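Trainee: fold the following, please.
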Amino acid sequence: MIITSFKKHPFENAKLIKEMNAIEEQWLSKKKSYKNHTRAIKGALPHQRELNKTIESLYHIAVPKIRSLFSKLSKFNRIAVEMNLKEHPLNVSELYSISFSTFFFDLCCDVRNKYHIVYKFHNCPIEADIRALTHRLSLTYYCKEDTRISDYKSYFERVLQVQPERFITLL
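Mentor: Residues are numbered from 1 along each chain as shown. Modelled structure (predicted):
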């Protein structure tokens, strides 16, 4: 059952406070991880550094277009969770992330200094449009479909329950 009577998202009054506070503590951590993208900037071959810059630029071109596509959908489908994970002191591989109720799109850097995009569709009404967009931007080769999340609906509901409100917007 989808709850439709909400201002920002259906779990705004059902936050898991303990878990959300733990996430906030991670964001405030003084401990810093050595991030893959930092290593890639310093240690990747020049060709790979240029390719990484291009992939990141294309990611940032795609995200506003994806947001625009989602902004035309029903209220629940317009909920976006967006984070700049470069700023997260403990996250090693992800750089940016945007999630919706039926799709997520993350820019990552692996331990081999290579940027790539991880995505997942779940009954997404605009899947064909997003696939066409990534194809037009020549991102298809740098995209990998996520295989870890088996129940995306539960995953996204949990994200809404535990992520701080500053990351959640209604388009």
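
Trainee: center of this structure - which residue?
Mentor: Ranked by distance to the mean C-alpha position of the chain (CA atoms, centre = their mean), the top residue is S97 at 2.0 Å.

Trainee: the longest helix seen in the chain packs against which elements?
Mentor: Taking DSSP state H as the assignment, the helix of the chain that covers the most residues is helix 46-71. For helix 46-71, the contact count by 3 or more CB pairs under 8 Å, 6 or more residues apart in numbering; DSSP states H and E identifies helix 36-43, strand 94-100, strand 103-109, strand 115-121, helix 127-136 as packing neighbours. All C-beta atoms are positioned from the backbone trio N, CA, C, and that covers glycine.

Trainee: and the second one, how far out from the chain middle?
Mentor: The gap between the average C-alpha position of strand 94-100 and the chain average comes to 1 Å, counting by CA atoms, centre = their mean, to the nearest Å.

Trainee: ok, it: who's next to it in the sheet?
Mentor: On the basis of DSSP bridges, the sheet neighbours of strand 94-100 come out as strand 79-84 (antiparallel), strand 103-109 (antiparallel).

Trainee: ok and it relative to strand 115-121, angle-wise?
Mentor: On the basis of axes from the mean of the first three to the mean of the last three CA atoms, to 10 degrees, strand 94-100 is oriented at 20 degrees to strand 115-121.

Trainee: quick check: angle from the helix or strand of the chain with the lowest mean pLDDT to strand 79-84?
Mentor: Ranking every helix and strand in the chain by mean pLDDT, DSSP states H and E puts helix 17-27 at the bottom, with a mean of 88. Here helix 17-27 points in a direction 30 degrees away from that of strand 79-84 (the same axes, to 10 degrees).

Trainee: shaky segments in this protein?
Mentor: Counting by pLDDT under 70, the low-confidence segments of the chain come to 1-8, 10, 12.

Trainee: grab the nearest non-local neighbour of Y59.
Mentor: Leaving aside its sequence neighbours, Y59 sits nearest to L107 (CB to CB, 6 or more residues apart in numbering; 4.6 Å).

Trainee: report the beta-bridge partners for the one you found.
Mentor: Beta-bridge partners for L107, by DSSP bridges, are Y96, I117.

Trainee: that one touches L58, doesn't it?
Mentor: No: assessed by CB atoms under 8 Å, L107 is found out of contact with L58, at 9.5 Å.

Trainee: looking at these two, which one has more neighbours?
Mentor: Applying other CB atoms under 10 Å to L107 and L58 shows that L107 carries more neighbours, namely 26 against 18.

Trainee: in stretch 158-165, which residues are buried?
Mentor: Going by neighbour count (16 or more other CB atoms under 10 Å), the buried part of stretch 158-165 is 159-163.
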